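> kindly return the folded structure for what I paste below:
(chains A and B)
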Amino acid sequence: MRVRFLPCLATLLLAICAAAPRSYAAETPDPVADARAFRDYFTKKFPKVALEDFVNGPYSMNADMHRQWEEKEQFPPYEFALEAGKEMFSKPFRNGKSYADCFANGGIGVRQTYPMFDSTEGKVITLELALNRCREANSEAPYSYVKDEMAALTAYMAFTSRGKPFDIRIPDDPRALDAYQEGKRYFYTRRGQLNFSCATCHVQSPGERIRAEVLAPALGILNAMPIYRSEWSGMGTTSRRFTSCNSQIRGVPLEPQSDEYRNLEYYLSYVSNGLPISGPGARP
Amino acid sequence: MASTIRVRATANGDVTEVQALIQHPMDSGYVKDAKGETIPAHFIQRLTFEHGGKPVFIADWGPAVSKDPYVKFSFKGGKKGDELKIGWVDNTGATDATSATIQ
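Residues are numbered from 1 along each chain as shown, chains lettered A, B, ... in the order given. Just a heads-up that it's a prediction; the model follows:
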C-alpha cells in the first residue's frame, strides 16, 4: 500500500511543479511579449496594410479612405490649430519662463516619449498633464484637457515629433508595471450599457463600419493625437477621445487625466512602440 | 493675427486648381451655449475669388455651411505667376481678404 502510494505522490508533485511556472507566467505582466502579440495580431489581420500606415487610423483600412486622406492631408483642417499652438508654445508666461523650460530639449521632438512613468510620484505622466503642470508651476491657470488650447499645444508638440517612433519605457519599478497592467485591464474590460470594451471596437472590429464610420485599429491609434474630427468640427485631445468613447458606449466617462485614463494611455502607447508619431491627425 | 484664409492655387496646363480653407465659426444662430443662451448667427455671406480683376468664383453662403469651410474649384485662363485675390464678407459686416500667387 505504502509502496504504491509514493510514486503516486511523486507524480502529483511533478504535475504541480510543471504547472506552477506556467500559471506564474500568465499572471506576471510581460509588456514586451504583449506588444509583440498586439502588433502581430494587427499585421496578420490586415496583411495589406504597411506597419507605419496603421497610425492613419480608418484611412489605413481601405483604398478609398486612403485616397480621401491623401487629399485631405494636402490641406489639413488642423492647420489653424497647429499655427495657434506654435504661437502659444513660444509665447512666454507672465513670469518670463515658457513651456520650453518644462520639457527636455525645450519641448521640441519629445512627444514620442509621453506618457512617461514618474518614479518619484509613482504615477504615469501624460503630455497633457505635463503641460498643465507646467502652467500651474508658473502660476498660470490650467487649460481644459479636452480641446481648444490643450489640443493646439499638443498638436504643435506632436508636429515637432512627426515621424519619430513611439518610445514609451517601462522603468524597473513594480509600480510602473502595475500602471501598465491596470491600463491593459481597463482596455479589455467591458463597460457601459452597450457592454463594450475598448477592444470590442478597436481590436475585434477595426475596419468594420459603425454606422457611417470606419473603426480605427488600436495599433497606432494614439500616434495621431490630437485630432481634428469632422464630427466635432474641431480639435480634440486624447482625453477627449477617451471620454467620448466611454459615453458612446453609454458608460459614464471618468474625469480627464484620472489615474485610469493615464494608465490606459500608458498601455495603449506602449503597445504602439516603434510606430511613428503622425499627429496632429484629421479624422472623419 | 494671421489671415483667416489659406489658399493654394496650382496651374496645370490651361486649368488652375484652387483650394482654400477659411477660419470662421459659421454659427447658424440655432445653437445654444453651455449657459443655454443662443449663440447669435455669424456666417460668411459672400466669398469671392478674383483673377485679373475678374471674378472666377463667387459663393453666396448661408448658415448651413460648416465651421472652418473648405473650398476647391478650378477655372480656365490662369497661368503660373498670376495673382488671385480672395475675400469674404460675413453677416456682421466683417471682412477679410488675401491674395495668392498661382504656382
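> so for the residue lying closest to A:Phe187 once chain neighbours are set aside, what pLDDT did the model give?
Distance criterion CB to CB, 6 or more residues apart in numbering or on different chains; nearest residue to A:Phe187, sequence neighbours excluded, is A:Cys198 at 4.6 Å. For the C-beta atoms, the positions are set from N, CA and C on the backbone; glycine is no exception. Per-residue confidence for A:Cys198 comes out at a pLDDT of 94.
> likewise for B:Asp96?
93.
> surely it and B:Thr4 touch.
Yes: counting by CB atoms under 8 Å, B:Thr4 is a contact partner of B:Asp96 at 4.9 Å.
> before we move on, the earlier item: tally up the residues packed near the residue nearest to A:Phe187, please.
By other CB atoms under 10 Å in any protein chain shown, 22 other residues sit near A:Cys198.
> and chain A, which of its residues are near chain B?
Applying CB under 8 Å from any CB of the partner chain, we find that chain A lies next to chain B at A:Gln74, A:Phe75, A:Pro77, A:Glu79, A:Phe80, A:Glu83, A:Ser233, A:Gly234.
> what about the residue nearest to A:Pro165 when sequence neighbours are not counted, helix or strand, and which?
Nearest non-adjacent residue to A:Pro165, counting by CB to CB, 6+ apart: A:Gly274, 4.9 Å away. Taking DSSP states H and E as the definition, one finds A:Gly274 inside no helix or strand.
> list the residues that contact A:Pro217.
A:Phe42, A:Phe46, A:Phe54, A:Gly57, A:Ser60, A:Met61, A:His202, A:Val203, A:Pro206, A:Gly207 (CB atoms under 8 Å, 6 or more residues apart in numbering or on different chains).
> can you check B:Ala59 too?
B:Ala59 touches B:Arg46, B:Leu47, B:Thr48, B:Val71, counting by CB under 8 Å, 6+ apart.
> at 10 Å what do you get?
B:Ile44, B:Gln45, B:Arg46, B:Leu47, B:Thr48, B:Phe49, B:Val65, B:Pro69, B:Val71, B:Phe73, B:Trp88 (CB atoms under 10 Å, 6 or more residues apart in numbering or on different chains).
> and the residue in chain B positioned nearest to chain A, helix, strand or coil?
Closest contact between chain B and chain A, by CB to the nearest CB, is at B:Lys67 (4.5 Å). The local conformation at B:Lys67, judged by DSSP: H, G, I helix; E, B strand; the rest coil, is coil.
> and chain B, which of its residues are near chain A?
B:1-2, B:4, B:6-8, B:19-23, B:25-26, B:66-68, B:70-72 (CB under 10 Å from any CB of the partner chain).
> for the nearest residue to B:Val31 once chain neighbours are set aside, grab the count of nearby residues.
Leaving aside its chain neighbours, B:Val31 sits nearest to B:Ile39 (5.1 Å; criterion: CB to CB, 6+ apart). For B:Ile39, the count of nearby residues is 13 (other CB under 10 Å).
> I'd guessed B:Ile39 sits against B:Pro63; true?
No: using CB atoms under 10 Å, B:Ile39 is not in contact with B:Pro63, being 11.2 Å away.
> tell me where chain B has strands.
B:5-12, B:15-22, B:44-51, B:54-60, B:70-76, B:83-90, B:95-101 (DSSP state E).
> distance to A:Arg67 for these - can I get that in TSV?
Listed next are those as TSV, based on distance: least, CB to CB, whole Å:
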stretch	distance to A:Arg67
strand B:5-12	18
strand B:15-22	16
strand B:44-51	26
strand B:54-60	24
strand B:70-76	14
strand B:83-90	27
strand B:95-101	25
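> for A:Tyr145, which of these is the nearest?
Proximity to A:Tyr145 (CB to CB) singles out strand B:15-22 among the strands of chain B, at 26.5 Å.
> partner strands of the closest one, parallel or antiparallel?
Applying DSSP bridges, strand B:15-22 is found paired with strand B:5-12 (antiparallel), strand B:70-76 (antiparallel).
> which one in chain B is furthest away from the centre?
B:Lys35 (31.0 Å; CA atoms, centre = their mean).
> grab the nearest non-local neighbour of the closest residue to chain B within chain A.
Proximity of chain A to chain B (CB to the nearest CB) peaks at A:Ser233, 4.5 Å away. Closest residue to A:Ser233 apart from its sequence neighbours, by CB to CB, 6+ apart: B:Lys67 at 4.5 Å.
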